[in-house]
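A.B. asks: Structure for this input, please:
(one chain, ligands or ions: 4)
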Amino acid sequence: AKAQGRAGVALFEQEVAQVAYDNLVLEGQLGQAIEQNEFTLLFQPQLRTSDQQIVGVEALIRWHHPERGLLAPDEFIALAEQHRLIVPIGQWVLAEATRCAQRWHAQGRAMTVAVNLSTLQFQAPGFVESIERLLRDAGLPTGWLELELTERMLMDDVPTVRERLHQLRALGVKLSVDDFGTGYSSLGHLKDLPIDKMKIDRSFVHELPQDRQSCAIARAIIELARGLGLTAVAEGVETGAQRAFLEAHGCHQLQGMGISPPLTAERLEAWLQQRAH
Ligand code: C2E
Ligand code: CA
Ligand code: CA
Ligand code: CA
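C.D. replies: Numbers count the residues shown, from 1 in each chain. Ligands and ions are numbered 1, 2, ... in the order given. A predicted model of the protein is given here:
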């Protein structure tokens, strides 16, 4: 039994070493992925319930890995954060999202573009200045850029966060609380922050309308958003029943597979075109 235990430990150590090695390789490749042009953005439409118009999109990053194929953010964002690579990657995302927004604007489509931020990126020195530069050079009407922050990010190191949010708001950036309901934010604190949107986490949307607790939570978040004068957005909307429930309870915007999966910029344009007819 003792020998077996030792063998088990050795095997475990081997696995740990393998994971560490894989991460090292992936990290090296991640560091080169921008210059190798391996990142791409998908865009998921956001539907306004009052008139069924697509009023915005959320940008979601993908990595075309040379050997592993298309990787979702879960497979590399954490690693990118550990090694601060998320800062240049986040800058690439912002630049690419801006290029797409410019094209859509030229096509006469007024859509907001929402970009996800990571903590390191938001807290990096010069972040607000980089957004200011980006907005100035983009030449788009104000209000087109939306930044999605998680509740946790809003709670960290409060004074700086607050200051940055106010600076961004003053630049005309819309601010959105992502995955709302899953974090630890105190409502008293949130009320003092310049927030425009609350995104109801998909874990609550998933069990609508059969699960009583999820219904109560979704309704409470919609009510809270409405009461604070904010836009309520439901994410992960998949079924007609979920959509009906959310619309009936006054949710302002819907996002999810039930409306459209995330699409490449080209496919999004074709989809919008088709939808208009
Ligand atoms: P998120 O911000 O909560 O994004 C929504 C996720 O839900 C996306 O996963 C989207 O593809 C997925 N989704 C959309 N519709 C449905 C649906 O109907 N049902 C279900 N179950 N899921 C749906 P994705 O693209 O894999 O992104 C995962 C997370 O990675 C995002 O979660 C976001 O936190 C992060 N992420 C994505 N792009 C970026 C980025 O450019 N920068 C940073 N820092 N994080 C990003
Ligand atoms: Ca998001
Ligand atoms: Ca989310
Ligand atoms: Ca999430």
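A.B. asks: Burial check on the nearest residue to residue 98 once chain neighbours are set aside, number of neighbours?
C.D. replies: Nearest residue to residue 98, sequence neighbours excluded (C-beta to C-beta, 6 or more residues apart in numbering): residue 138, at 5.0 Å. Just so you know, the C-beta spots here come from the backbone N, C-alpha and C atoms, and that holds for glycine as well. By the criterion of other C-beta atoms under 10 Å, residue 138 has 18 neighbours.
A.B. asks: Then residue 27?
C.D. replies: That count, for residue 27 with other C-beta under 10 Å as the rule, works out to 15.
A.B. asks: quick one: it from residue 77, how far?
C.D. replies: To residue 77, residue 27 is 13 Å away according to C-beta to C-beta, to the nearest Å.
A.B. asks: Ramachandran angles for residue 73?
C.D. replies: phi -60, psi -30 (degrees, to the nearest 10).
A.B. asks: what number of residues lie near it?
C.D. replies: 14.
A.B. asks: Assess the claim that it and residue 79 are in contact.
C.D. replies: No. Taking contacts as C-beta atoms under 8 Å, residue 73 lies outside contact range of residue 79: 10.5 Å.
A.B. asks: next structured bit after the helix or strand containing residue 137?
C.D. replies: Element membership for residue 137 (DSSP states H and E) is helix 127-138. Next along the chain after helix 127-138, taking DSSP H and E as the criterion, comes strand 145-150.
A.B. asks: Direction included, what does that following strand pair up with?
C.D. replies: Using DSSP bridges, strand 145-150 pairs in its sheet with strand 112-116 (parallel), strand 174-180 (parallel).
A.B. asks: Let me have those strands in CSV, extended by distance to residue 253 and mean pLDDT.
C.D. replies: Formatted as CSV, the strands paired with strand 145-150 follow (distance: least, C-beta to C-beta, whole Å; pLDDT from 0 to 100):
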stretch, distance to residue 253, mean pLDDT
strand 112-116, 10, 98
strand 174-180, 10, 95
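A.B. asks: Strand 145-150 and the helix holding residue 137, what's the angle between them?
C.D. replies: Angle, helix 127-138 to strand 145-150, by axes from the mean of the first three to the mean of the last three C-alpha atoms, to 10 degrees: 150 degrees.
A.B. asks: Keeping just the C-alphas, turn helix 127-138 into CSV.
C.D. replies: In CSV, the C-alpha atoms belonging to helix 127-138 read as follows (Å, rounded to 0.1, in the frame of the first residue of the first chain):
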residue,chain,number,x,y,z
PHE,A,127,-5.8,52.9,-18.8
VAL,A,128,-8.2,55.9,-18.7
GLU,A,129,-5.7,57.9,-20.9
SER,A,130,-5.6,55.0,-23.4
ILE,A,131,-9.4,55.0,-23.7
GLU,A,132,-9.4,58.8,-24.1
ARG,A,133,-6.9,58.5,-27.0
LEU,A,134,-8.9,55.7,-28.5
LEU,A,135,-12.1,57.7,-28.4
ARG,A,136,-10.5,60.8,-29.8
ASP,A,137,-8.9,58.9,-32.7
ALA,A,138,-12.1,56.9,-33.5
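A.B. asks: Start from the N-terminal end of the stretch 51-200 of the chain and give the helices.
C.D. replies: Per DSSP state H, counting those that start in this stretch, the stretch 51-200 of the chain carries helices over the ranges 77-82, 86-106, 119-123, 127-138, 151-155, 158-170, 187-190.
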